[in-house]
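>>> here are the coordinates; sequence isn't available:
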Ligand SMILES: *Cc1c(COP(=O)(O)O)cnc(C)c1O
């Protein structure tokens with residue numbers, strides 16, 4: 001029986017442009033968009049060529065379930081070595097006693113923690129989505145929100161910072177089984193020790209979700225969640241600059257009790273077979289993060305964020321909490337008389353990419369918002385330094401402080417082109433910047 005004829009077999013060797021010009025063309029246009037836009041979405045970054053190569057490698061062909069040495073399929077000898085290497089690097093980089101590298105995303109890493117310590121209906125106390133928290137912390141329309149009894153703490157209305165006394169009072173009231181410390185839109189240091197004291201007081205477990213700040217933590221530029229948190233989860237594509245994926249880490253106090261339980265909560269608890277190509281990409285990311293260049297990169301990221309915050313405040317913008325300690329800032333546009341949605345659209349029209357964001361105690365709907373969130377991780381990777389940041393602050397001011405004229409829009413577009421031209425290739429960002437590795441054409445695009 002002839003299953004696959006010769007032509008079909010030959011087609012397996014053809015490139016994307018020959019097999020699927022439509023998809024090829026979309027990728028090509030997206031590549032161009034990434035080059036031509038100033039990327040200020042705080043959760044965005046650019047991966048190195050090495051990470052990209054691992055992501056697109058033949059490892060995607062390998063089926064593996066379970067963990068190194070305990071697989072449900074054979075032929076896993078290379079994969080076992082790879083996953084063990086990634087695990088060892090994660091433990092070393094973060095000072096963890098146990099690491100699970102299999103979560104497909106940060107959200108699934110969180111779900112695995114919930115499955116490990118919670119029964120349906122148990123109480124969670126996490127940060128309010130509108131105050132900087134994340135969907136995966138129990139928003140009511142998510143699986144987590146439906147399965148567990150989710151409660152939320154907010155920032156102080158005056159300081160717009162976490163108030164640990166208020167959170168303690170609330171925790172005593174609610175008696176959660178799990179407290180989550182971690183945010184997607186909080187520009188200040190998170191005090192994991194205070195969170196642990198609160199958790200201990202009410203007999204709760206503490207999950208530190210460092211999805212946004214893990215790169216800063218790895219570089220020693222944000223206090224580590226260890227030894228305070230029982231569980232630490234992270235995405236790997238944000239400040240870490242790795243593939244779109246997740247990691248779970250345990251410290252030496254919780255590893256003896258929870259290592260095996262976490263592993264079985266990831267697989268088979270919430271996931272299926274391993275994304276082996278993503279394990280490889282995470283291993284590469286972790287190696288990159290161990291180099292002194294990575295620390296230099298994160299320092300520059302913080303410096304860029306600080307400069308952008310100072311410039312915007314000098315231009316009359318109000319920043320939530322009055323500034324930033326990390327890679328992101330939240331702009332309150334109420335006094336400028338425009339909504340977050342309008343600001344996002346105006347900036348998009350000049351190829352500056354941001355997202356509208358709810359502010360603490362926001363009166364607008366989530367689809368409109370009173371503010372925008374701006375982060376510096378991606379442009380820092382691209383090589384932007386203080387001079388470019390000063391220019392970006394000026395451009396944001398021109399676009400948002402008053403209704404821009406056609407003339408202004410054209411001028412700002414020219415300036416965006418000039419800035420992107422200074423760091424032309426997202427393809428060669430790392431070497432230019434002295435930070436990571438040279439990257440040629442990610443997709444070897446022809447024509
Ligand atoms: C981004 C983020 C996550 C997970 O996001 P994924 O897209 O699933 O990787 C989880 N928690 C926080 C606080 C985040 O910011």
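Nice, thanks for sending it over. Just so it is clear, the structure is predicted and the values come from calculations on it, not from any experiment.
>>> please list the outside residues in contact with whichever strand or helix holds residue 165.
Secondary structure from DSSP states H and E places residue 165 in helix 164-174. The contact list for helix 164-174 (CB atoms under 8 Å, 6 or more residues apart in numbering) reads 123, 125, 151, 153, 156, 179, 191, 194-195, 197-199, 201-202, 204. For the C-beta atoms, the positions are set from N, CA and C on the backbone; glycine is no exception.
>>> could you pull out the buried residues of it?
By 16 or more other CB atoms under 10 Å, the buried positions in helix 164-174 come out as 164, 167-168, 170-171, 174.
>>> would CSV of those with distance to the ligand and pLDDT be doable?
Output for the buried residues of helix 164-174, formatted as CSV (distance: CB to the nearest ligand atom, whole Å; pLDDT from 0 to 100):
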residue, distance to the ligand, pLDDT
164, 18, 98
167, 16, 98
168, 21, 98
170, 19, 98
171, 19, 98
174, 20, 98
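>>> re earlier: can you flag the buried ones in the contacts of helix 164-174?
123, 125, 151, 153, 179, 194-195, 198-199, 202, 204.
>>> OK, contacts around the residue in the stretch 51-200 of the chain that the ligand sits nearest to?
In the stretch 51-200 of the chain, no residue comes nearer to the ligand than residue 106, which is 2.8 Å away by CB to the nearest ligand atom. Residue 106 sits next to 136, 209, 211, 233-236, 246 when contact means CB under 8 Å, 6+ apart.
>>> can you tell me, leaving aside adjacent residues, what's nearest to it?
residue 235 (3.3 Å; CB to CB, 6 or more residues apart in numbering).
>>> quick check: the residue of the stretch 51-200 of the chain closest to the ligand vs residue 201, distance?
27 Å (CB to CB, to the nearest Å).
>>> over to residue 121?
On the measure of CB to CB, residue 121 and residue 201 end up 23 Å apart.
>>> same thing with residue 314?
42 Å.
>>> could you show which parts of the stretch 51-200 of the chain are in contact with the ligand?
Proximity of the stretch 51-200 of the chain to the ligand (CB under 6 Å from any ligand atom) is limited to residues 105-107, 134, 136, 182-184.
>>> of these, grab the buried ones for PyMOL.
Typed into PyMOL, the line below selects the buried ones among these, using 16+ other CB under 10 Å:
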select buried, resi 105+106+107+134+136+182+183+184
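>>> check the residues of the stretch 51-200 of the chain next to the ligand and tell me the two furthest apart.
By the measure CB to CB, 105 and 183 form the most distant pair in these, at 16.9 Å.
>>> state the pair within the buried ones among the contacts of helix 164-174 that is farthest apart.
Between all members of those, the farthest pair (by CB to CB) comes out as 123 and 194, at 19.9 Å.
>>> how far does the helix or strand hosting residue 89 sit from the chain's center?
In this structure, residue 89 sits in helix 77-94 according to DSSP H and E. Remark: helix 77-94 is offset 21 Å from the chain centroid, using CA atoms, centre = their mean, to the nearest Å.
>>> list the buried residues for it?
Under 16+ other CB under 10 Å, the buried positions of helix 77-94 are 79-80, 82-83, 85-87, 89-91, 93-94.
>>> name the helices or strands packed onto it?
Other helices and strands packing on helix 77-94, by 3 or more CB pairs under 8 Å, 6 or more residues apart in numbering; DSSP states H and E, are strand 98-100, helix 214-218, strand 246-250, helix 276-289.
>>> what residues sit buried inside the helix or strand containing residue 347?
Assigned by DSSP H and E, residue 347 belongs to helix 340-348. For helix 340-348, a neighbour-count test (16+ other CB under 10 Å) marks 340-344, 346-347 as buried.
>>> got those as a markdown table, with pLDDT columns?
Putting the buried residues of helix 340-348 into a markdown table (pLDDT from 0 to 100) gives the following:
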| residue | pLDDT |
| --- | --- |
| 340 | 98 |
| 341 | 98 |
| 342 | 98 |
| 343 | 98 |
| 344 | 98 |
| 346 | 98 |
| 347 | 98 |
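>>> tell me how many other residues surround residue 319.
20 (other CB atoms under 10 Å).
>>> same check, this time on residue 421
Neighbours of residue 421 (other CB under 10 Å): 10.
>>> part of a helix, is it?
Yes - under DSSP: H, G, I helix; E, B strand; the rest coil, residue 421 sits within a helix.
>>> now do the contacts for residue 64.
71, 73, 76, 79, 273-274, 276.
>>> tell me the spacing between residue 240 and residue 216.
From residue 240 over to residue 216 (counting by CB to CB), the distance is 10 Å.
>>> still on that earlier bit, just flag the most distant two among the buried residues of helix 77-94.
Greatest spacing in the buried residues of helix 77-94, by CB to CB: 79 and 94 (22.6 Å).
>>> helix or strand right after the strand or helix carrying residue 116?
Per DSSP H and E, residue 116 falls inside helix 106-117. Remark: after helix 106-117, the chain's next helix or strand is strand 123-127, criterion DSSP H and E.
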